[in-house]
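**Q** Please work out how this folds:
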Amino acid sequence: MIRILHKAHAQPARADMAVSELPALLAADHDHRAMLWVDLFGDAPTPGNHGESSVDPAINHLLREVFAFDPLAVDDALSETHVPKVDDWAHYLYIVLHAVVFKSDIAQIDTRELDVFLGHKLLVTYHFEPIPALELVWKQAQRDDRYWKRGADYLLYELYDRIATDYMPCLDEIEEVTDQIQDAIFDAPAPEQVTRILHVKRAVLRLRRILSPQREVVNKLARDSYGMVDSKNRVYFRDVYDHFVRLADLNESVRDLVTGALDSYLSVIANRTNEVMKVLTVVTTLFMPLTFITGFFGMNFFGAALDVTQAPLGWTLLGLALLGMVATPLAMFGYMRQRRWL
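**A** Residues are numbered from 1 along each chain as shown. Got it, this is the predicted structure:
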């Protein structure tokens with residue numbers, strides 16, 4: 001799918017431009033050229049063939065022939081996923097962004113790549129998955145002329161700022177899922193919780209691998225002297241950079257929470273194991289003297305059997321044995337309670 005937003009100087013933004021009109025618009029003089037935002041929604045690359053066979057021929061033609069972007073930059077945009085980066089091609093910038101969506105039901109981070117070509121009064125975006133931040137900025141740019149007054153680089157800032165804003169709900173959801181896991185651990189620890197904790201931890205680590213390079217890309221846009229970024233608009237990218245710095249710090253805090261949840265699970269399981277072992281130890285200790293007494297009187301010291309059939313000797317020994325078998329565990333139990341072992 002190919003969408004075009006066209007903004008002439010004193011006219012409202014138009015979304016009804018035909019693709020066939022692009023060559024004439026691009027051929028106009030730079031000072032008199034209208035601003036363009038072309039959004040390209042392609043198919044996901046097929047693994048193993050660098051995505052070429054799955055790309056819409058119309059999109060491929062636009063990028064290579066109409067916009068005349070460098071083949072290496074086009075191949076990067078059409079092929080497999082890249083980490084966030086920015087490449088300066090003199091007349092335009094090639095930028096890779098990543099939007100994120102957190103699927104709380106399976107505790108998984110879904111990254112959505114957005115490839116951007118930023119030129120003079122030109123913004124070209126390419127993606128093969130829906131990106132809510134892009135859709136929001138696209139609709140606002142149609143209604144609000146202020147999005148166009150500062151140039152295409154300001155449109156890129158608005159897009160970057162919206163993507164950064166969408167990271168916060170993602171981190172909030174991860175933190176909420178972690179809190180739910182911790183509550184469940186203290187209520188009823190189960191092996192399934194370990195799997196869920198590890199899934200959340202993997203999501204946090206993946207988010208960390210995205211945030212760090214994304215933050216550096218914004219830092220370059222805010223501080224380096226790129227010809228496509230107006231010096232007056234760099235302050236806006238510094239604001240986005242501050243957002244990503246805070247996001248990186250929050251991500252580290254969430255990672256500590258996930259690690260703490262795993263430690264909590266191990267501690268609860270260890271405590272329950274200790275309780276079970278204590279009960280088993282107490283039972284074994286209480287029955288140990290009984291085993292000794294029965295074993296002692298079961299041995300034949302004086303022949304084939306110890307003759308205790310004559311009263312009152314037999315009944316006396318039996319009573320003493322039974323009394324010892326009852327009194328000894330009770331005494332040991334009282335001693336354990338006195339020492340606060342139970």
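
**Q** Run a quick neighbour tally on the nearest residue to Asp115 once chain neighbours are set aside.
**A** Of all residues not flanking Asp115 in the chain, Ala77 sits nearest, at 4.0 Å (Cβ to Cβ, 6 or more residues apart in numbering). No exception for glycine: its C-beta is placed from N, CA and C like everyone else's. Look at Ala77: counted by other Cβ atoms under 10 Å, it has 26 neighbours.

**Q** So what's the predicted local confidence for Ala77?
**A** We have a pLDDT of 85 for Ala77.

**Q** What separation do you get for the closest residue to Val124 other than its chain neighbours and Glu175?
**A** Ranked by Cβ to Cβ, 6+ apart and with sequence neighbours excluded, the top spatial neighbour of Val124 is Phe117, at 4.0 Å. From Phe117 across to Glu175, the span is 36 Å (Cβ to Cβ, to the nearest Å).

**Q** Also Asn271?
**A** Asn271 is 25 Å from Glu175, by Cβ to Cβ.

**Q** More neighbours: which of the two?
**A** Glu175 (17 against 11).

**Q** Just to check, that one is in contact with Leu257?
**A** Yes: counting by Cβ atoms under 8 Å, Leu257 is a contact partner of Glu175 at 6.4 Å.

**Q** Tell me where the stretch 101-250 of the chain has helices.
**A** 132-143, 146-149, 152-187, 191-223, 234-297 (DSSP state H, counting those that start in this stretch).

**Q** Would you reformat those helices as JSON lines and include distance to Met17?
**A** Formatted as JSON lines, the helices of the stretch 101-250 of the chain follow (distance: least, Cβ to Cβ, whole Å):
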{"stretch": "helix 132-143", "distance to Met17": "12"}
{"stretch": "helix 146-149", "distance to Met17": "14"}
{"stretch": "helix 152-187", "distance to Met17": "16"}
{"stretch": "helix 191-223", "distance to Met17": "28"}
{"stretch": "helix 234-297", "distance to Met17": "27"}
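
**Q** which one of those lies closest to Lys7?
**A** With Cβ to Cβ as the criterion, Lys7 lies closest to helix 146-149 of the helices of the stretch 101-250 of the chain, at 4.5 Å.

**Q** list the buried ones in the closest one?
**A** Tyr147, Trp148 (16 or more other Cβ atoms under 10 Å).

**Q** same for it, what does it pack against?
**A** helix 132-143, helix 152-187 (3 or more Cβ pairs under 8 Å, 6 or more residues apart in numbering; DSSP states H and E).

**Q** Out of these, which is the most enclosed?
**A** Of all those, helix 152-187 carries the top mean neighbour count, a mean of 19, counting by mean count of other Cβ atoms under 10 Å.

**Q** Specify the angle between that helix and helix 132-143 in degrees.
**A** 140 degrees (axes from the mean of the first three to the mean of the last three Cα atoms, to 10 degrees).

**Q** Quick one: mean pLDDT over helix 152-187.
**A** 87.

**Q** between it and helix 191-223, how big is the angle?
**A** Using the same axes, to 10 degrees: helix 152-187 against helix 191-223 is 160 degrees.

**Q** before we move on, back to that, please identify which helix or strand holds the residue nearest to Asp115.
**A** helix 71-78 (DSSP states H and E).

**Q** mind checking how far the spatially most central residue of the chain is from Thr284?
**A** Central residue of the chain (Cα atoms, centre = their mean): Ala203, 2.8 Å from the mean position. Separation of Ala203 from Thr284 (Cβ to Cβ) stands at 45 Å.

**Q** Could you report the neighbour count for His61?
**A** Using other Cβ under 10 Å: His61 sits among 13 other residues.
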